[in-house]
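Colleague: sequence first, predicted coordinates after that:
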Amino acid sequence: MSQQYTIAQILQAEIAALSAIPQSNDYEAAIALILERVHRGGGRLITSGMGKAGQIAHNIATTFSSTGTPAYFLHPSEAQHGDLGMVCAGDLMLLISNSGKTREVVELVELARRMHPSIPFILITGNVQSPLAAEVDVVLSTGNPSEVCPLGLTPTTSTTVMTVLGDLLVVSVMQRIGFTYHDYSLRHHGGYLGGKSRELQDEQPKA
């Protein structure tokens, strides 16, 4: 029989999942790889994942790009039909797979390394003992939270945690590179955020 949740229980489950994100993850190693490969080496951060994890990976890429770290999302299936050609030797890959066994993502690692043997990988996963975890340079564990779902299947708490782990990396890198209001405004010409960044830039003390 499926489990039923109240709104309060759903909120509490999501909060508990965030509170259980391992602080022992080697965040510094992940940040250092991004700084080395992208900001010092001139490469790009490539994110990838399937299904809901892929949607989170796409969001992380766009957030990185808008905050000074060139990044793009590579669909692991499309990679097998020519899009792998977008990957360059100096790039870095950030993969997301809750199970750590996603076939298309496992194959992506193999194919990318066949082209560029030294390309490094960061993995966000709920399974640190998985095949993918054994192949990458840095593993960031989600803590493997149970999904708050009547069937226990739908990605809910897991994708919440994946998003936050992406935020941890984005904000940390922004701080390390000294990303400014001016830098932000250059990437956000239109919309509310573009106007706000220019307004805040104008309010900064002149050097």
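Modeller: Nice, I can see it.
Colleague: export the longest helix anywhere in the chain as CSV, just CAs?
Modeller: In the chain, taking DSSP state H as the definition, the longest helix is helix 157-177. Presented in CSV, the C-alpha positions along helix 157-177 are these (Å, rounded to 0.1, in the frame of the first residue of the first chain):
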residue,chain,number,x,y,z
THR,A,157,14.2,14.8,-2.1
SER,A,158,17.1,13.5,-4.2
THR,A,159,16.7,16.2,-6.8
THR,A,160,16.3,18.8,-4.1
VAL,A,161,19.7,17.8,-2.7
MET,A,162,21.3,17.6,-6.1
THR,A,163,20.2,21.2,-6.7
VAL,A,164,21.7,22.4,-3.4
LEU,A,165,25.0,20.6,-4.1
GLY,A,166,25.1,22.5,-7.4
ASP,A,167,24.5,25.8,-5.5
LEU,A,168,27.3,25.0,-3.1
LEU,A,169,29.7,24.7,-6.1
VAL,A,170,28.4,27.8,-7.9
VAL,A,171,28.5,30.1,-5.0
SER,A,172,31.9,28.9,-3.8
VAL,A,173,33.4,29.4,-7.3
MET,A,174,31.8,32.9,-7.6
GLN,A,175,33.5,33.9,-4.4
ARG,A,176,36.9,32.5,-5.4
ILE,A,177,36.9,34.3,-8.7
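Colleague: report how many residues lie close to Ser185.
Modeller: 19 (other CB atoms under 10 Å). For glycine as for every other residue, the C-beta is placed from the backbone atoms N, C-alpha and C.
Colleague: what is the mean pLDDT for the longest helix of the chain?
Modeller: The average pLDDT for helix 157-177 rounds to 98.
Colleague: swap in stretch 22-31?
Modeller: On average, stretch 22-31 scores 98.
Colleague: quick check: buried residues in it?
Modeller: Neighbour-count burial for stretch 22-31 flags Asn25, Tyr27, Ala30, Ile31 (criterion: 16 or more other CB atoms under 10 Å).
Colleague: what's the distance between it and the middle of its chain?
Modeller: Centre-to-centre, stretch 22-31 and its host chain are 13 Å apart (CA atoms, centre = their mean, to the nearest Å).
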